[in-house]
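Undergrad: My questions are about this predicted structure, shown below with the sequence.
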Amino acid sequence: MHGVKLIQYLIVTCMALFFARLIFEATPYASLYQVAGLGVTCELLISNLLHFVLGWVFPGVLAISLATALVLAVRGPRPNRIAAVWLVGVVTAILMIQYMAHAFRFSE
C-alpha cells in the first residue's frame, strides 16, 4: 500500500505544479511583482528565474511520475497497478491540456 500513497503524492504534486505554471504563465510578466514595489530589472529577473525553474522542474516531475508508475505497475499488487493507471491518466491529461494551451495561445 505504500505505492498507492506515493502515487497519490505524485498526482497532487503534478497537479499543483501544473496549476502553478498555468497561473504563472497567465499573468503578465510586467505586473507580476508590482505589488512588491521592485524595480523593472528585479521584476524581469524574478519572473524569468521562476519561468526557468518551473520549465525544468515540471517536466522532471512528470518524467519521474511516469517512471514510478511504470515500476509500480510492473512490480506491485493490484492496488498499485490501479493507482499507476490513474497516475498515467493524470500525467497524460496534464500534457494534453498544456499542449492545447500553448498551441492556441493568443498574441498580445
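TA: Yes, it's here. Numbering: from 1, shown residues only.
Undergrad: what comes up buried for the longest helix seen in the chain?
TA: Selection of the longest helix in the chain by residue count, based on DSSP state H, yields helix 40-74. For helix 40-74, the neighbour count (16 or more other Cβ atoms under 10 Å) marks 43, 47, 50, 54, 58, 61-62, 65-66, 68-69, 72-73 as buried. To be clear about C-beta, it is placed using only N, CA and C from the backbone, and glycine gets the same treatment.
Undergrad: Please identify which of the residues you listed is nearest to Y99.
TA: Of all the buried residues of helix 40-74, Y99 sits closest to L62, with 12.4 Å by Cβ to Cβ.
Undergrad: distance of the closest one from I46?
TA: Per Cβ to Cβ, to the nearest Å, L62 is found 24 Å from I46.
Undergrad: Phi first, then psi, for P77.
TA: With angles defined as degrees, to the nearest 10, P77 sits at phi -70, psi 180.
Undergrad: OK, contacts around it?
TA: With Cβ atoms under 8 Å, 6 or more residues apart in numbering as the criterion, no residue contacts P77.
Undergrad: I'd like to know how many residues surround K5.
TA: Around K5 there are 10 other residues, counting by other Cβ atoms under 10 Å.
Undergrad: Check what pLDDT it gets.
TA: With respect to pLDDT, K5 has a value of 90.
Undergrad: Buried residues, the helix or strand where it lies. List them.
TA: Using DSSP states H and E, K5 falls within helix 2-26. By 16+ other Cβ under 10 Å, the buried positions in helix 2-26 come out as 3-4, 6-7, 10-11, 13-14, 17-18, 21, 25.
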